[in-house]
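In: Sequence first, predicted model second:
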Amino acid sequence: INAEYMGFILEGMQQEKAKKVKKAVKKGVKAIRKHKVWTKVAFRRPKTKTQLVKHKVATHSYAKFQTYDKYAIIKHPLSSESAIRTIEDNNTLVFIVDMNANKNQIKTACEQLYSFKPIKVNTLIRPDGIKKAYVKVPKEQEALEIANKIGIMQLSHLIYQL
């Protein structure tokens with residue numbers, strides 16, 4: 001194959017490529033465009049990816065410490081008459097806990113603070129906006145003993161004596 005013949009072939013290929021590019025520029029690459037069929041009346045703007053802001057300068061001049069620990073989760077034990085009744089009858093301790101605390105966090109806080117492994121935790125939010133947790137104590141341990149260690153039952157005996 002001589003060089004002249006190769007030159008003609010290359011020229012022909014370049015011309016074909018040029019024609020394709022010309023056609024693409026004139027007509028557009030995606031000639032057939034399918035439109036989305038809207039089935040709902042209201043248009044909701046699609047959610048797009050949001051990226052975290054990377055600050056060039058530190059936002060605080062000090063390091064933030066983790067303050068949401070076991071003491072922040074369990075605020076105090078409840079020592080009302082109904083709470084003491086649940087301690088005696090159902091082997092269950094009653095605590096006032098932080099509003100943002102979940103059941104697993106309450107469970108681990110009980111393990112760390114009062115050294116017993118709760119069976120289960122039930123929570124409710126009182127009408128005054130405070131979260132209350134019912135912590136079920138295992139059958140091997142008694143809730144009365146744990147309440148005495150904490151200091152709940154000492155108050156209740158004074159109430160019953162009055």
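Out: Thanks, I have the structure now. Keep in mind it's a predicted model, so treat the numbers as computed, not measured.
In: Identify all contacting residues around stretch 89-108.
Out: Here stretch 89-108 makes contact (CB atoms under 8 Å, 6 or more residues apart in numbering) with 68, 70, 72-78, 83, 86-87, 109-110, 114, 118, 121, 123, 125, 129-137, 139, 142-143, 146-147, 152. Placement of C-beta: from N, CA and C, glycine included.
In: scratch that, stretch 124-136
Out: Applying CB under 8 Å, 6+ apart, the contact partners of stretch 124-136 are 74, 78, 86, 90-99, 101, 103, 106-107, 110, 118-123.
In: out of those, which are buried?
Out: Among the contacts of stretch 124-136, those classed as buried by neighbour count (16 or more other CB atoms under 10 Å) are 74, 78, 86, 91-95, 97-98, 101, 106-107, 110, 118, 121.
In: Which two among the residues you listed are spaced furthest apart?
Out: Asn91 and Asp98 (24.1 Å; CB to CB).
In: hey, what's Val97 bridged with?
Out: Beta-bridge pairing for Val97 (DSSP bridges): Ile74, Lys131.
In: What distance do you get for it to Glu145?
Out: The gap separating Val97 from Glu145 is 21 Å, by CB to CB, to the nearest Å.
In: Same question for Ile130.
Out: On the measure of CB to CB, Ile130 and Glu145 end up 26 Å apart.
In: shaky segments in this structure?
Out: Filtered on pLDDT under 70, the chain yields the residue ranges 1-10, 28-33, 154-162.
In: Enumerate the helices of it by residue range, in sequence order.
Out: 3-27, 70-73, 81-90, 103-114, 143-150, 152-161 (DSSP state H).
In: In a markdown table, list those helices along with distance to His60.
Out: As requested, the helices of the chain are exported to a markdown table (distance: least, CB to CB, whole Å):
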| stretch | distance to His60 |
| --- | --- |
| helix 3-27 | 54 |
| helix 70-73 | 20 |
| helix 81-90 | 41 |
| helix 103-114 | 26 |
| helix 143-150 | 37 |
| helix 152-161 | 40 |
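In: Mind checking those for the one nearest to Thr50?
Out: helix 103-114 (27.9 Å).
In: Centre of the chain to that closest one, how far?
Out: Counting by CA atoms, centre = their mean, to the nearest Å, helix 103-114 is centred 18 Å from the centre of its parent chain.
In: cool, and stretch 88-105?
Out: So, by CA atoms, centre = their mean, the centroid of stretch 88-105 is 20 Å from its chain's centroid.
In: Then stretch 138-151?
Out: For stretch 138-151, the distance to the chain centre is 32 Å (CA atoms, centre = their mean).
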